[in-house]
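*Asks:* my questions are about this predicted structure, shown below with the sequence.
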Amino acid sequence: MTTMTKTEGEPALPGSDPFLSVRDLHVRFSTEDGIVKAVDGLSFDLERGKTLGIVGESGSGKSVTNLTVLGLHNPMSTTVTGEILLDGQELTGASNRTLEKLRGNKMAMIFQDPLTALSPYYTVGRQIAEPFMKHTGASKREGRAKAIEMLEKVGIPQPKTRVDDYPHQFSGGMRQRAMIAMSLICNPDLLIADEPTTALDVTVQAQILDLLKDLQQEFGSAIILITHDLGVVSKIADDLLVMYAGRAVERGSVREVIKSPQHPYTWGLLSSMPRLSSDVNEPLSPIPGTPPSLLNPPTGCAFHPRCEFLDLVGGTRCATDRPDLPAGRGSACHLTAEQKQSVFIEKIQPRLG
Amino acid sequence: MSKDTTITKADAVPSPRDGASGETLLEVTGLTKHFPIHAGFPIKHKVGAVQAVDGIDLTIHTGESFGLVGESGCGKSTTGRLITRLLEPTGGKISYRGRDITRATRKEMMPVRSEIQMIFQDPYSSLNPRQTVGTIIGGPMEINNINPPGGREQRVRELLETVGLNPEHYNRFPHEFSGGQRQRIGVARALALEPKLIVADEPVSALDVSIQAQVVNLLQKVQAEMGIAFLFIAHDLAIVRHFTQRVAVMYLGKIVEVGDRDSIYNRPRHPYTHALLSAVPEVDIDGEDRERIRLAGDVPSPINPPSGCRFRTRCWKARDVCASEEPPLIQLGGNRDGHLTACHFPEEPTIAAREEDIILDPALAAIEGAAEKTL
C-alpha cells in the first residue's frame, strides 16, 4: 500500500520506500490580479508500481502539482517551495539540465488532449522515438524499430506503416495510444496521466483505461492519474487524494474513500453524480455555491462557505481555523470521527442509493 | 412562478413526474442530413458527403423527456439542430403538432420557433458578451413582439428567479457570472417564450461535476412544473438515465435502439448498447457483476460508413448478412412495447457479467491473453 504522510519533513514509515515524495508543496503564480495560490501545502507519497488518483474540480490545483513535479511550470512567474523527492533526488530547485535528463526517461506525462500535445509537423513514429533516441543515444534506425514495437504494444493496427503517419491521420483514440507509447518508451518509473481520457468517447475511454492498467503491470511504473471523474479513478487507482482549492482534503485507499468517505466535499462529489444503479426518482444533491477563487480563498477551511455541516462543528471554527489532513487515511475537517460516521450513514448513504 | 420565490426554493426539485400525456408533439420520419464535401481546383465540385444523420424516426410526446445518446460524430447534435430547423434537412419529414415544418419558410416558422427552444452546450460561447442578461433573456420576446402583462422587464426578473438567479442581476453582463450561472441564463432564455419543447444539447457537459447536478435539478424542475417536453442530447449515460423517460441510442447517423428507460438500461438488445453501457466507468467498486465488453478502435468515418449494419465493423456477432442487409428498427420478441432494436443477431436482454469477457481490442487481448497463460 502506498503510504502517505502529511507533516513537513516527517520521515516515511520505516520499511517502506516512497519512490515519489512530495512534502508541503506550495506553488504560487503572480498575475496582474494578485498572487494565485494554486497549490497550498500539499504532501503525498507514491510507491513504485502503484497508482495514485488525484480528484478535484477545475482549479483545485491537481494539474499544477504535476506540472511542478515535471518542472514544466514557467519559472519566471512561479514560486515553488517545499520538497519533491523522486527516488531520493530533490526536484524543486533542480536545474533544467537535470530535469531534462529525467523527463521522458524516469518520469513521463500523458496529456489530456493528444492533438495539441503532438506536433503536427513530425511523424508519429519520430515523436515516439525521440525520447528513446535522446536518452539512450540510439540511432534513427533503432529508434524507428522501437517505435514500431511500442505502437504494436498499444494496439495500433499495421504499426509498420502507421509509424510514418502524421498525427492528423490518427483518430482521437489512436492519438492517445500514441501518447501512451511515447511516454512508456523509456520504461519510466513514474507516469503522470493528466485527464488522459476526458477528450475521448466512452467506449474508447474504457479501452484506454484498461490498456493503462495492463501496461502498468507489464512496465511496473508508478502512475499518478489526475481526473475529475470518480468513476475513472475507481477503475484503476490504488489510492486516492481528493483536492479542493489547492489543498488535499481527503486521502486513503480507493475503497476507503469511495465506500466510507469522510469529508463533506467528497460526500458532495459522490452524491451529485447520478449512477447507472441509482434511484431515478431521487433528485441529485448538488454542492451549493461555486468553487472559490484562488486569488482570495476563503479563510479557515476553504470549503466552509459551501459546507452543509457547519452547525455540527459550531461556532466560527470552520471559518477561522484551517483543519489539517492527518497522516495516512483521513480527511481535513473539524467534524469528529463519530460525527463523520453518523452523518455519512444517516444522510449521505441514502442519497447514494 | 410567483414573484416571491426564493432562490433556495428555486433549487428545490419536485419529484419527477412520469407523465407524458401520450399526445404526439413532434414526429420525425426518415430524417436525413448529408453535409457535402467540396474539393477540386479551380472549380470546386462535390466529391462526397458526410452522412451525419441518415434516416432516423422518432416521436416525442407532450411533456415527455426524451434522451438521445451516442458517441461523438454519431449525429445526435445534428438531429437536435435539424429539429429546431437551425439546419436544413436533406430529406425526411419533421412534423410538429401534425404540421409539416420540414420546408416551412421563415414566416411559417415564426409561431413554431417560439415553441421549440434550444439550450446549448457551451455557456461561454452561447451568450453574447456585449448584451446584458436582461437583453439576452428579453430578446426572444422582443423578436416575437410579445408583451407580457407587467412588461418585459418584469417577466425577465421572474424568469431569473425561476432559474435561481438574483433578479437584481438584470443589468449585468455574462462575464460576471460563473459557468453554472451562465447555463442558468441560457435556461431562462429558453423559457422566455413558454416553449412546448426544449432541445438541450449537452447542457451540462461543460460544467464542473458539482455544478452539473445543480443544472440537472433545475431542468428537471422546469420540466415537471411547466410540462415542457425535452429532447435531451448527451453522451453521459448516467445523466440521461436520470433525466429522461425514453432513450434512443444513435450510432453513425442511425438510431440502433430506442425504448423506455428501464428497457434500454436493464434489458438492452443491441450489441452497441451493451458495449456502451459496459464502458461507463461506475464508481461502484464491487460492481463486478456487470458484463465487460471492450470494442476495438474508434467509430468509423461517416463519410464512407460501412454497408448494411453500420456497427458490424466493431461487432463481435457480425456475419455476412450484416454487411449486405441493413437491419430494420423493429420490436423484437420479448421486448416491451416501444422498445425497438435494429440488429440481425440481438443479444440477451441482460447486463449481467458473461462467462467470458468480450475483448476485441488487439492490445488488450494480447496482454490479457499472455497474463492468463502465465497464471
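*Replies:* That came in fine, so what should we check first?
*Asks:* all contacts plus neighbour counts: C-alpha atoms, from now on.
*Replies:* OK.
*Asks:* ignoring the adjacent residues along the chain, who's closest to residue A:339?
*Replies:* Spatial nearest neighbour of residue A:339, excluding adjacent residues (C-alpha to C-alpha, 6 or more residues apart in numbering or on different chains): residue A:312 at 8.0 Å.
*Asks:* quick one, phi psi at the residue positioned nearest the centre of chain B?
*Replies:* For chain B, residue B:233 is the residue whose C-alpha lies nearest the centre (C-alpha atoms, centre = their mean; 1.2 Å). With angles defined as degrees, to the nearest 10, residue B:233 sits at phi -100, psi 120.
*Asks:* residues in contact with residue 237?
*Replies:* This is for chain A. A:50-53, A:225, A:254 (C-alpha atoms under 8 Å, 6 or more residues apart in numbering or on different chains).
*Asks:* my question was about chain B
*Replies:* Contact analysis of residue B:237 by C-alpha under 8 Å, 6+ apart lists A:276, B:69, B:277, B:280.
*Asks:* neighbours around the closest residue to residue A:18 other than its chain neighbours, how many?
*Replies:* Leaving aside its chain neighbours, residue A:18 sits nearest to residue A:47 (4.7 Å; criterion: C-alpha to C-alpha, 6+ apart). Residues near residue A:47, counting by other C-alpha atoms under 10 Å in any protein chain shown, number 23.
*Asks:* and residue A:336, by the same measure?
*Replies:* Residue A:336: 12 neighbours (other C-alpha under 10 Å).
*Asks:* what residues sit buried inside the longest helix along chain A?
*Replies:* In terms of residue count, the longest helix belonging to chain A (DSSP state H) is helix A:202-219. By 16 or more other C-alpha atoms under 10 Å in any protein chain shown, the buried positions in helix A:202-219 come out as A:202-216.
*Asks:* among those, which one lies nearest to residue B:227?
*Replies:* Nearest to residue B:227, judged by C-alpha to C-alpha, of the buried residues of helix A:202-219 is residue A:202 at 31.7 Å.
*Asks:* surely the closest one touches residue B:72?
*Replies:* No - taking contacts as C-alpha atoms under 8 Å, residue A:202 lies outside contact range of residue B:72: 9.4 Å.
*Asks:* identify the bridge partners of the closest residue to residue B:84 other than its chain neighbours.
*Replies:* Nearest residue to residue B:84, sequence neighbours excluded (C-alpha to C-alpha, 6+ apart): residue B:116, at 6.4 Å. Judged by DSSP bridges, the bridge partners of residue B:116 are residue B:197.
*Asks:* wait, doesn't residue B:116 sit right on residue B:200?
*Replies:* No - applying C-alpha under 8 Å, one finds residue B:116 not in contact with residue B:200, separated by 10.6 Å.
*Asks:* what sits closest to residue B:326 if chain neighbours are left out?
*Replies:* Residue nearest to residue B:326 in three dimensions, not counting chain neighbours: residue B:308, with 4.0 Å by C-alpha to C-alpha, 6+ apart.
*Asks:* cool, residue B:117 as well?
*Replies:* Going by C-alpha to C-alpha, 6+ apart, residue B:117 has residue B:198 as its nearest residue, at 4.8 Å.
*Asks:* and stretch B:162-179, C-alpha only, in PDB?
*Replies:* The C-alpha trace of stretch B:162-179 is given here as PDB (Å, rounded to 0.1, in the frame of the first residue of the first chain):
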ATOM      1  CA  THR B 162     -37.300  30.800 -11.700                       C
ATOM      2  CA  VAL B 163     -33.800  29.700 -12.700                       C
ATOM      3  CA  GLY B 164     -32.300  30.600  -9.300                       C
ATOM      4  CA  LEU B 165     -30.500  33.800 -10.100                       C
ATOM      5  CA  ASN B 166     -30.900  37.100  -8.400                       C
ATOM      6  CA  PRO B 167     -33.300  39.400 -10.300                       C
ATOM      7  CA  GLU B 168     -31.100  42.300  -9.300                       C
ATOM      8  CA  HIS B 169     -28.500  41.000 -11.800                       C
ATOM      9  CA  TYR B 170     -30.700  42.200 -14.700                       C
ATOM     10  CA  ASN B 171     -28.200  44.700 -15.900                       C
ATOM     11  CA  ARG B 172     -25.100  42.500 -15.600                       C
ATOM     12  CA  PHE B 173     -23.000  41.100 -18.400                       C
ATOM     13  CA  PRO B 174     -22.400  37.400 -18.900                       C
ATOM     14  CA  HIS B 175     -18.700  37.600 -17.900                       C
ATOM     15  CA  GLU B 176     -19.800  38.500 -14.400                       C
ATOM     16  CA  PHE B 177     -21.200  35.000 -14.000                       C
ATOM     17  CA  SER B 178     -19.700  31.600 -13.400                       C
ATOM     18  CA  GLY B 179     -20.200  28.700 -15.800                       C
END
